[in-house]
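Participant: After the sequence you'll find the predicted model.
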Amino acid sequence: MQTPDAPVETVPLHPEKAPAARPPASTRIPSIIVGLIVAVIAGLSIWYLVRPQPLLVQGEVDATRLDIAARVDGRVADIPVGRGENVAAGAVLVRIDNPETLAKHEQALAAKVVAEAQLANINAGTRAEVIAARKAALERAEASVILAQKTYDRISQLAEHGNAPQARLDQATDALHESQRATDQAKSAYEQAVNGYTREEREIAVANVQKAVADIAAVQSIIDQMVVYAPVASQVYKRNVEPGEYVSPGVPLITLVDLGDMWVHFDLREDLVETLKVGDRFGVRIPALGDRHITVEVRLIGTKGEYTSWRATRATGDFDLRTFSIRAYPVDKVPELRPGMSAYLDVRARARR
């Protein structure tokens, strides 16, 4: 018989089925974090694999380039501009020296003076002294005719009566005819002096003056081209010659770049050009300006493909795709933009917009 104060020991019937002790909450947190990290990594990996890859096309900033050449030959006398200098339209770029051309100009001026003097002489007519001298010569010739006529008459009468030989009569006849011809010549010279120069002679003199003026203008045009000017406001890119060098016509002297006329040049395959048209705007990235994005507008699409770029378009065969030149101009002025900078266009990102 048990006493009420004695403890009673309880023995479990199935000790293997006893409830296990639960771990504390602090030991489950690292497992949760690791699981989340694994899930995030897996999700990012899947997104990276299935996301569309960007299709970057590299272009280049370009600008209008002007190779300035002279149309005359000679030695370079002066180049008042330096590399990298901004020049205004009409600024002097190069001065050329050519002594032979300057000498030809002086000759042309002298020829003009001579032609003008000849024309003035013709317009003034014959001098009064010349007219008086020719009139006196005509009167002498007429007097000689009168004397020859009287001599001929006397000898002719003597020859009829047999008092003069026939030879003397022939001499008198020849003298009369010679005096008459001399009178005709003197009369023509006198009339020429009185009438002055003919209309044709005046026209020839006028033409000589005009020819002299044209010769001066021709030489002056060459002299004017000995100074080379900037056609537009631009920046000096290269100086191809130095003072003292001999240059020939057509040789580039100065290379200018018009920074006011810049564009971005792309070479796109024809499968990328099909959705592009003149007037479209899109953004490009300029690495040289800290990846700055600028908006450009398409103003030119090449009329004909320039060259072929290879690309596999089918699994069963490869096909060549033509490449077209694209010009896109900045919508807003970008003063920091310079020719030669790279520009990147994301074609797929543009297509999604």
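Facilitator: Nice, thanks for sending it over. Numbering: from 1, shown residues only.

Participant: And Pro72, which helix or strand is it part of?
Facilitator: Just to correct that, residue 72 is Val rather than Pro. For Val72, there is no helix or strand it lies in under DSSP states H and E.

Participant: now it: how far from Thr101?
Facilitator: 7 Å (CB to CB, to the nearest Å). All C-beta spots, glycine's among them, are computed from the backbone N, C-alpha and C.

Participant: shared neighbours, these two?
Facilitator: Here Val72 and Thr101 have 222, 226 as joint contacts, going by CB atoms under 8 Å, 6 or more residues apart in numbering.

Participant: Next up, the contacts around Leu272.
Facilitator: Contacts for Leu272 were tallied using CB under 8 Å, 6+ apart; they are 55, 57, 347.

Participant: Which stretches in this structure count as helices?
Facilitator: Ranges of helices in the chain, per DSSP state H, are 29-50, 99-124, 128-160, 166-195, 199-224, 270-273, 347-352.

Participant: so what pLDDT did Ser188 get?
Facilitator: We have a pLDDT of 86 for Ser188.

Participant: for Pro4, that is, sorry about that
Facilitator: 45.

Participant: still on that earlier bit, which one of the helices of the chain has the lowest average pLDDT?
Facilitator: When the helices of the chain are compared by mean pLDDT, helix 347-352 comes last with a mean of 64.

Participant: Can you tell me, leaving aside adjacent residues, what's nearest to Leu169?
Facilitator: Once flanking residues are discounted, Leu169 sits nearest to Ala159: 4.5 Å by CB to CB, 6 or more residues apart in numbering.

Participant: Please apply the same query to Val257.
Facilitator: Among residues not flanking Val257 along the chain, Tyr237 sits closest, at 4.6 Å (CB to CB, 6+ apart).

Participant: and the one you found, how many neighbours?
Facilitator: Each residue near Tyr237 was counted by other CB atoms under 10 Å, and the total is 16.

Participant: Same question for the one 5 residues further on.
Facilitator: Here the neighbour count serves as a burial measure; for Glu242 (other CB under 10 Å) it reads 8.

Participant: Relative to Phe282, how far out is it?
Facilitator: Where Phe282 is concerned, Glu242 sits at a distance of 45 Å (CB to CB).

Participant: With Asp184 instead?
Facilitator: 98 Å.

Participant: coming back round to it: which of the helices of the chain sits closest to Arg292?
Facilitator: Of all the helices of the chain, it is helix 347-352 that lies closest to Arg292, at 16.5 Å by CB to CB.

Participant: Tabulate the CA atom coordinates of the longest strand along the chain in PDB.
Facilitator: When the chain is scanned for its longest strand (criterion: DSSP state E), the result is strand 252-269. In PDB, the C-alpha atoms belonging to strand 252-269 read as follows (Å, rounded to 0.1, in the frame of the first residue of the first chain):
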ATOM      1  CA  PRO A 252      45.800  72.300-101.400                       C
ATOM      2  CA  LEU A 253      47.200  75.100 -99.200                       C
ATOM      3  CA  ILE A 254      44.900  75.200 -96.200                       C
ATOM      4  CA  THR A 255      42.400  72.700 -95.000                       C
ATOM      5  CA  LEU A 256      39.300  74.100 -93.200                       C
ATOM      6  CA  VAL A 257      36.600  72.400 -91.200                       C
ATOM      7  CA  ASP A 258      33.100  74.000 -90.900                       C
ATOM      8  CA  LEU A 259      32.100  73.300 -87.400                       C
ATOM      9  CA  GLY A 260      28.700  74.800 -88.100                       C
ATOM     10  CA  ASP A 261      27.900  72.000 -90.400                       C
ATOM     11  CA  MET A 262      28.400  68.700 -88.500                       C
ATOM     12  CA  TRP A 263      26.600  65.400 -88.600                       C
ATOM     13  CA  VAL A 264      26.800  61.900 -87.300                       C
ATOM     14  CA  HIS A 265      27.600  59.300 -90.000                       C
ATOM     15  CA  PHE A 266      26.400  55.700 -89.700                       C
ATOM     16  CA  ASP A 267      26.800  52.700 -92.000                       C
ATOM     17  CA  LEU A 268      23.700  50.500 -91.500                       C
ATOM     18  CA  ARG A 269      22.800  47.200 -93.000                       C
END
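
Participant: who does it touch, helix- and strand-wise?
Facilitator: If you count contacts as 3 or more CB pairs under 8 Å, 6 or more residues apart in numbering; DSSP states H and E, strand 252-269 packs onto strand 56-69, strand 92-97, strand 234-239, strand 292-301, strand 317-330, strand 342-346.

Participant: could these go into TSV alongside distance to Ser188 and mean pLDDT?
Facilitator: Formatted as TSV, the helices and strands packed on strand 252-269 follow (distance: least, CB to CB, whole Å; pLDDT from 0 to 100):
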stretch	distance to Ser188	mean pLDDT
strand 56-69	61	91
strand 92-97	56	95
strand 234-239	71	93
strand 292-301	79	91
strand 317-330	80	78
strand 342-346	90	90
